[in-house]
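Asks: test case, fold it:
(2 chains)
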Amino acid sequence: MALALAATLCLLVLLESATAVAQEDVLRPRGAPVVAPWEEPTPPVLLGIEVGGNWNMASQTLQYSPFEPTNTPSRLFRSGSGFSPTFNVGADVGLTPQLGLVVRAGYDIKQWGNSGTGEADCADFLTGVVREVPVSAEWTLAAHYITLGAGLRYNLTPQLWLSGGVTVHFHRTNQQKEKYSVEDPVGGCGFRNPGDPFDPNPYRTLEVTGKWNVPPMKGSRIGLELGAGYRIMLGHKLWLVPRVQFQLLSSFREDVSSRDFWKPSEGIVDVIGRNASQHSLQLLVGLWFGL
Amino acid sequence: MSAIIVAVALAVGNSLALWAQIQARPTGPAVQVMPVDALNSSADDFVSGIARGGREVYLTSSRGGGRQRLYIAERQGDRWESPQRIGGEVSDATHVGGATLTMDGNLLLFAAFQHELGGSGRTDLYSAYRSGDRWTRVANLGVAVNSADWDSQPCIAADGSLFIFASDRPGGSGGTDLWMCRREGNRWSTPVALRILNSSADDMAPVLAADGRTLYFASNRDGNFDIFVSRMGPDGSFGRPEKFAAPVNTPADEYFYVPLPDQNAAFLSRTTPAGDLDVFFVVPNPNPPDPVLMVQGTVRDASTQAPLGATMTITDLRTRRKIAELYSDEETGEYYVALPAGRTYSITASREGYLFYSERFEVGRDIAVNPVTKDILLTPAERGRTRLLVFFDFDKAELKEESMPDLDRLVEFLKAYPSVRILIEGHTDDVGTDAYNDRLSQRRADAVKDYLVKQGIDARRIETKGWGRRRPLVQGTTEEARAQNRRVEVSVIQ
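Replies: Residues are numbered from 1 along each chain as shown, chains lettered A, B, ... in the order given. Here you go, the predicted model:
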């Protein structure tokens, strides 16, 4: 992640250098005047729309009580990553030649997931013989938010700027998908349907989609945003602005869910999710219009 | 809506400026500054050079993509045709523009950023030569002129003897400054900063008028870019610059004040409320250069009438200073030259294989017809005939000093064609007796022969004949007719 952030910043610096050279022409040794909005005599208001993507990184500590189930795919819930879209509208109000106030509202989807394989104990209820059977699982979780943010922009050059601010993510819903499978030619073992605790059947393959919250990552969050952007003038009062920012978001609250994952049953297990966190690196492209 | 507001504001601004002008100068026509719609676009447009007596203007424009490119626009009567982009090797650069040309339009200096020919650093100066409709021999002016810094906006004297440009190289007065190079044979001298014109701010956009001594430039020493004028004295140094008044200068930025040689008017480039640069026409020119006579014509073969490329030399007969050396176009034979008023010149054309041609040409202080056309016929060397520009005091046969340039040309011709024999014929006007005029014309022809012999020409190659007043060039007894009839001619007799 740090590497990606550093590479993006280097790209912005290189873009800045290349553009500075290209601005020289036969009339102006220091290039054509770039009428950046913060250079206007009266601090203007800019309105913008942005689209982009999140690279999401999530992790949590899982505790099981009274025991850790043997069906190891559940451990996959400890961490996940994934890409998801985001959309913003915003306003930029110049305060000083270098400093501006930026406010944004948007719709943001954070999606992450994981997949893996493992082995589970499969006990023959007649003989008591325990077999190891291969299992696999994959899951994704998409958390939908309405976001509000406010921050300050500081110009390093007329085109390149840094920003910092706060964001509030109002949780709307979670959509998650779980898929399990077991290779058990003998039969008798399988996953139980977590969506229906009264369903007694074991499933060799099981795909569940829904809006319930497993793992327990839900709720609204607040966070800090740190980023950099670059303005490219497209025309009179029109700018293209690519930017990058890192969102450091608050942790989810502790959550406990009870599940009986496996048949033959090993018993109900409380799954306690602690220190669940998720952060995002955002890459966005915006069109900003001067008023 | 905003366009209407801008238009109304411009109209009000122009009206106020014109009203102020009328109030300040109750006599004389008010200066008007009008946009030249035929040359302007929504991007930057500025005229930096003219050629061929003002028939051609050279425009730099960033229309159609943002890169600066060179355009040429020709004048048809009172209107300008649509600018045509100059392509080819000249334009192989990220930005190209700021063109300036000698009055004959055959030598082009321009600036380019990141030209494919390479350069000394950032924006550099380049040259190119006209060949028909194309520009050839495109070259960087080299490290003797260009620096590692920004070198741009050249302006060349009408006769090509010097050029001035803008640069932000070290050694100036701060910002961009004006620098000057003089022609030294086939190379340019080391640039010298024009300190009396430069300020600690940006000084740029120089334009040297056709008189060769009036320099216009732009400077933001007072805030925004305004037009200044300075005149070169007899010692070759410029005087203190004076700032133009309104309506030429305004709170907007003004650059490139380009006077037209045959009209009391000028081009001006100015930033518009939309932020781009547009071309304006200023009439009358409130600070005009010294009047010049535009002379244009065609050099041709006297036998076939085919156009010829010839070397042409213009000499001020009073100061004996060569004021211009130019070349007629190889394909069309056309030439253009600007001659300051109130002087007498010799115009000489020469080309290998032909006998040179010389003519005395007087430009009065009051120029009634401008331009004038003077076509020149060159006769082939083997049967050439021309008039020699030689001068004698009244009733004398001693050659005056100002005769030497033409006599030396004759010496060179005879050395170049050692088998050629010539006949030198002297003629007088109709004042005096035949016997007296016969003797005088013979003595004058002999004086020319004596000079040639002293310069190493075999006397057996030279015959002389004094015709007195019996073969006048023109009939009449006016002083002008008599001046034309007093002459010495040379013709090849082998």
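
Asks: just for the chain, where's the confidence low?
Replies: This is for chain A. Scanning chain A for pLDDT under 70 picks out A:1-23, A:32-44, A:71-74, A:125, A:211-217, A:235-236.

Asks: actually it's chain B I care about, not the one you picked
Replies: Short version for chain B, where the test is pLDDT under 70: B:1-28, B:368, B:494.

Asks: how about the residues of chain B near chain A?
Replies: Neighbours of chain A within chain B, by Cβ under 8 Å from any Cβ of the partner chain: B:44, B:46, B:60, B:62, B:68, B:94-98, B:110-113, B:122-123, B:149-150, B:152-153, B:168, B:176, B:255, B:274-275, B:277. Yep, even glycine has a C-beta here, placed from its N, CA and C like the rest.

Asks: element containing residue B:415, please.
Replies: For residue B:415, the enclosing helix or strand under DSSP states H and E is helix B:404-416.

Asks: just checking, what packs against that helix?
Replies: strand B:343-350, strand B:385-388, helix B:434-454 (3 or more Cβ pairs under 8 Å, 6 or more residues apart in numbering or on different chains; DSSP states H and E).

Asks: one more time with 7 Å, if that's ok
Replies: helix B:434-454 (3 or more Cβ pairs under 7 Å, 6 or more residues apart in numbering or on different chains; DSSP states H and E).

Asks: between helix B:434-454 and the helix or strand that the helix it packs on is followed by, find me the angle.
Replies: Next along the chain after helix B:434-454, taking DSSP H and E as the criterion, comes strand B:462-466. Computed by axes from the mean of the first three to the mean of the last three Cα atoms, to 10 degrees, the angle separating strand B:462-466 from helix B:434-454 equals 160 degrees.

Asks: and strand B:462-466 with helix B:404-416, angle?
Replies: Per the same axes, to 10 degrees, the angle that strand B:462-466 makes with helix B:404-416 is 140 degrees.

Asks: alpha carbons of strand B:462-466, as PDB, please.
Replies: Extracted C-alpha coordinates of strand B:462-466, given in PDB (Å, rounded to 0.1, in the frame of the first residue of the first chain):
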ATOM      1  CA  ILE B 462      39.800  48.600 -73.500                       C
ATOM      2  CA  GLU B 463      38.700  50.900 -76.200                       C
ATOM      3  CA  THR B 464      37.300  54.400 -75.600                       C
ATOM      4  CA  LYS B 465      35.000  56.700 -77.500                       C
ATOM      5  CA  GLY B 466      33.700  60.200 -76.700                       C
END
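
Asks: what's in contact with the helix or strand that that strand is followed by?
Replies: Per DSSP H and E, the first helix or strand lying C-terminal to strand B:462-466 is helix B:479-485. Residues from elsewhere that reach helix B:479-485, judged by Cβ atoms under 7 Å, 6 or more residues apart in numbering or on different chains: B:427, B:429, B:430, B:472, B:473, B:474.

Asks: now swap in stretch B:390-398 and tell me
Replies: Stretch B:390-398 is contacted by residues B:399, B:400, B:402, B:403, B:406, B:407, B:440, B:443, B:444, B:447, B:448, B:488 when judged by Cβ under 7 Å, 6+ apart.

Asks: just the buried residues of the residues you listed.
Replies: With burial judged by 16 or more other Cβ atoms under 10 Å in any protein chain shown, the buried subset of the contacts of stretch B:390-398 is B:399, B:402, B:403, B:406, B:407, B:440, B:443, B:444, B:447, B:448, B:488.

Asks: double-check that the second one belongs to a strand.
Replies: No. If the criterion is DSSP: H, G, I helix; E, B strand; the rest coil, then residue B:402 is helix and not within a strand.

Asks: does it really touch residue B:320, like I thought?
Replies: Yes. Using Cβ atoms under 7 Å, residue B:402 is in contact with residue B:320, at 5.9 Å.

Asks: other SSEs contacting the strand or helix carrying residue B:312?
Replies: Using DSSP H and E, residue B:312 falls within strand B:311-316. With contacts taken as 3+ Cβ pairs under 7 Å, 6+ apart, strand B:311-316 sits against strand B:321-327, strand B:334-340, strand B:343-350.

Asks: partner strands of it and their direction?
Replies: strand B:321-327 (antiparallel), strand B:343-350 (antiparallel) (DSSP bridges).

Asks: so can I have JSON lines of these showing mean neighbour count?
Replies: Converted to JSON lines, those look like this (neighbours: other Cβ atoms under 10 Å in any protein chain shown):
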{"stretch": "strand B:321-327", "mean neighbour count": "18"}
{"stretch": "strand B:343-350", "mean neighbour count": "20"}
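
Asks: Serialize those to CSV and add fields for distance to residue A:274.
Replies: What follows is these, written out as CSV (distance: least, Cβ to Cβ, whole Å):
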stretch, distance to residue A:274
strand B:321-327, 91
strand B:343-350, 100
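
Asks: the ones you listed: which one's closest to residue A:229?
Replies: strand B:321-327 (56.8 Å; Cβ to Cβ).

Asks: quick one, the closest one and strand B:334-340 angle?
Replies: Using the same axes, to 10 degrees: strand B:321-327 against strand B:334-340 is 160 degrees.

Asks: now do strand B:321-327: distance to the chain's middle.
Replies: 9 Å (Cα atoms, centre = their mean, to the nearest Å).

Asks: excluding its backbone neighbours, what's nearest residue B:374?
Replies: Setting aside the residues directly before and after it, residue B:374 is nearest to residue B:297 in space (Cβ to Cβ, 6 or more residues apart in numbering or on different chains), at 4.3 Å.

Asks: please identify the helix or strand for the one you found.
Replies: Using DSSP H and E, the element containing residue B:297 is strand B:292-301.

Asks: and residue A:281, how many residues sit next to it?
Replies: By other Cβ atoms under 10 Å in any protein chain shown, 19 other residues sit near residue A:281.

Asks: I misspoke; the intended subject was residue B:456.
Replies: Residue B:456: 9 neighbours (other Cβ under 10 Å).

Asks: cool, residue B:435 as well?
Replies: For residue B:435, the count of nearby residues is 9 (other Cβ under 10 Å).

Asks: and it, how far is that from residue B:488?
Replies: To residue B:488, residue B:435 is 20 Å away according to Cβ to Cβ, to the nearest Å.

Asks: ok, now which ones touch residue B:171?
Replies: residue B:193.

Asks: can you tell me the centre-most residue of chain B?
Replies: residue B:158 (2.5 Å; Cα atoms, centre = their mean).

Asks: re earlier: what about the strand holding residue B:312, distance to the chain center?
Replies: That offset, for strand B:311-316, works out to 12 Å (Cα atoms, centre = their mean).

Asks: show me what counts as buried in stretch B:87-99.
Replies: B:89, B:90, B:91, B:93, B:94, B:95, B:96, B:97, B:98, B:99.

Asks: nope, stretch B:303-316 is what I meant
Replies: Residues of stretch B:303-316 classed as buried under the neighbour-count rule (16+ other Cβ under 10 Å) are B:307, B:308, B:309, B:310, B:312, B:313, B:314, B:315, B:316.
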